[in-house]
Every structure is written in C-alpha cells, then in structure tokens.
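Engineer: Sequence plus the predicted model coming up.
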Amino acid sequence: MKRFITEDVTFEITVVSGRTNADGALDCRNGHEIGDSYVCQYGCPADFCQKSMLKAFPIMEAARAGGDLRLLGGESTDTINFCCPDGVVHFCLKAKRN
C-alpha cells in the first residue's frame, strides 16, 4: 500500500472500564482488557474491535475537521469517552495534532 496523504491528527484509544464476567475479566468478545491502548491516524488500529471502530470513526472525523469534542459530550476539546456498540467496553479517545 502506498500512502500519499500525511495525516495531521493521531488518535490514542484506551480501554478505561467495562462490564466484567465472573472471573473479573472484561466480558469482551474481542478480548480487550482495561489499560489496552491503540494508536492510529486514519485506519483501524491492529487488534482493535471493528464494531467499536464504527463508533470511533465519526468522532475521529469530527476531530480531524477541527471540531470541539465537548460538543459531542467530550471532557475537553480533544478527549471523549465512548462505549462499544455492545455496551460492554468503555474507551477514552484522545486526538493529538501532529
């Protein structure tokens, strides 16, 4: 693959909490664990849940366009928490300008 665009925003997505099973592990089909962190610019990071990316991508697009994530319920202009579509895993997404 040959990339021709230099991205100006890098995203860090971290697992912050979630619903646990009887063993105390997150009840996540993808195997996410609290503290897992993923970094990406445009595409889906390796081993990140594709269903959760469906929710993360529109947030990432808003940040790329210079939007204020507080308008989407974020904690700051560049940080927002969101839940996976299954309601199991809670993530924190941070946008960093390169």
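Structural biologist: Right, received. Where do you want to start? Computed from a predicted structure; not experimentally measured.

Engineer: contacts and neighbour counts: CA atoms only from here.
Structural biologist: Will do.

Engineer: Cys84 against Lys51, yeah?
Structural biologist: Yes. Using Cα atoms under 8 Å, Cys84 is in contact with Lys51, at 7.2 Å.

Engineer: who has more neighbours, the two?
Structural biologist: Cys84 (19 against 12; other Cα atoms under 10 Å).

Engineer: all helices for the protein, in order.
Structural biologist: For the chain, the helices defined by DSSP state H occupy 50-64.

Engineer: Check the gap between the residue nearest to Cys84 when sequence neighbours are not counted and Glu61 for me.
Structural biologist: The shortest distance from Cys84 to any residue that is not its chain neighbour, by Cα to Cα, 6 or more residues apart in numbering, is 4.9 Å, and that residue is Ser52. Going from Ser52 to Glu61 by Cα to Cα, to the nearest Å gives 15 Å.

Engineer: So between the two, which is more surrounded?
Structural biologist: Ser52 (19 against 13).

Engineer: In contact with that one, which residues?
Structural biologist: Taking Cα atoms under 8 Å, 6 or more residues apart in numbering as the definition of contact, the neighbours of Ser52 are Cys83, Cys84, Pro85.

Engineer: Provide the count of other residues in contact range of the first one.
Structural biologist: A count of nearby residues for Cys83, using other Cα under 10 Å, gives 18.
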